[in-house]
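# When you get a sec, could you give me coordinates for this:
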Amino acid sequence: VTSAGGFDASRTVCINTINQFRAGIGLPAYTLENTATTNTCVDTQATNDEKQNSPHYSFINNAPSCTWGQANGWAQDECPTGWGTTPDQVVACLQSMWAEGAKANCLGCVGCTAFGGACANCDYSGAKGYECGHYVNMSAPYFTSVACGFGDAAPSSSTGWSVQDFQ
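Residues are numbered from 1 along each chain as shown. From the prediction side, this is the model:
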């Protein structure tokens, strides 16, 4: 993966890790959306969310207004404060989100093919406890691509935020 901003290694590990998880349950790989326009959009989302200290702020409010990030049926996962933007930190955050599938109120999400985890015993938004939506987004059979964005000026940051937008 080649991209501006020095986040090549983090974008590569983002797509490879998600696809490794998907392969483990027999799902096809996502394509990485890796254009200058898309990367600028998702990097700006992560930066804005970090400044607002509000996960999904840019996604929900369509700020910035760009191809990715409109809350119109797509989905977003986010690694906020404490996760960081280095490849190892991205892997750790994604592993944490994937592990949601093993939580009791998320067991109905495993193998769920309904949009947004609309299956029995799948607590997508965390209304009954632990949230399952991150796992659902990464394992969704109805999405085909992901854009990985990073919200810190330095690719070696231990504090920056990252987003994964699914389509």
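# what about the helix or strand of the chain with the lowest mean pLDDT, distance to the chain center?
Taking mean pLDDT, DSSP states H and E as the measure, the helix or strand of the chain with the lowest value is helix 57-61, at a mean of 85. Distance, stretch centre to chain centre, for helix 57-61: 14 Å (Cα atoms, centre = their mean, to the nearest Å).
# Can you point out the buried residues in it?
By neighbour count with 16 or more other Cβ atoms under 10 Å, helix 57-61 contains the buried residues 57, 58, 59, 61. Every residue, glycine included, has its C-beta placed from N, CA and C.
# Show me which of those is closest to residue 31.
The shortest gap between residue 31 and any of the buried residues of helix 57-61 belongs to residue 59, at 19.6 Å (Cβ to Cβ).
# Could you report the neighbour count for residue 43?
By other Cβ atoms under 10 Å, the residues close to residue 43 number 24.
# Is it in contact with residue 150, as I believe?
Yes - look at residue 43 against residue 150 with Cβ atoms under 8 Å: they come within range, at 5.7 Å.
# Distance check, the residue of the chain most remote from its centre against residue 13.
When each C-alpha in the chain is compared with the mean C-alpha position (Cα atoms, centre = their mean), residue 120 comes out farthest, at 23.2 Å. In this structure, residue 120 lies at 34 Å from residue 13, with Cβ to Cβ, to the nearest Å as the measure.
# strand partners of the following helix or strand past the least confident helix or strand of the chain, parallel vs antiparallel please.
Beyond helix 57-61 in the direction of the C-terminus, DSSP states H and E gives the next helix or strand as strand 75-79. For strand 75-79, the paired strands and their directions (DSSP bridges) read strand 161-166 (antiparallel).
# What is the burial count for residue 38?
Neighbours around residue 38, by other Cβ under 10 Å: 21.
# Three-state assignment for it, please.
At residue 38, secondary structure determined by DSSP: H, G, I helix; E, B strand; the rest coil is helix.
# residues contacting residue 16?
By Cβ atoms under 8 Å, 6 or more residues apart in numbering, no residues touch residue 16.
# let me fix that: residue 100
In this structure, residue 100 makes contact with 106, 109, 130, 131, 132, 133, 134, 135, judged by Cβ under 8 Å, 6+ apart.
# distance of it from residue 79?
In this structure, residue 100 lies at 13 Å from residue 79, with Cβ to Cβ as the measure.
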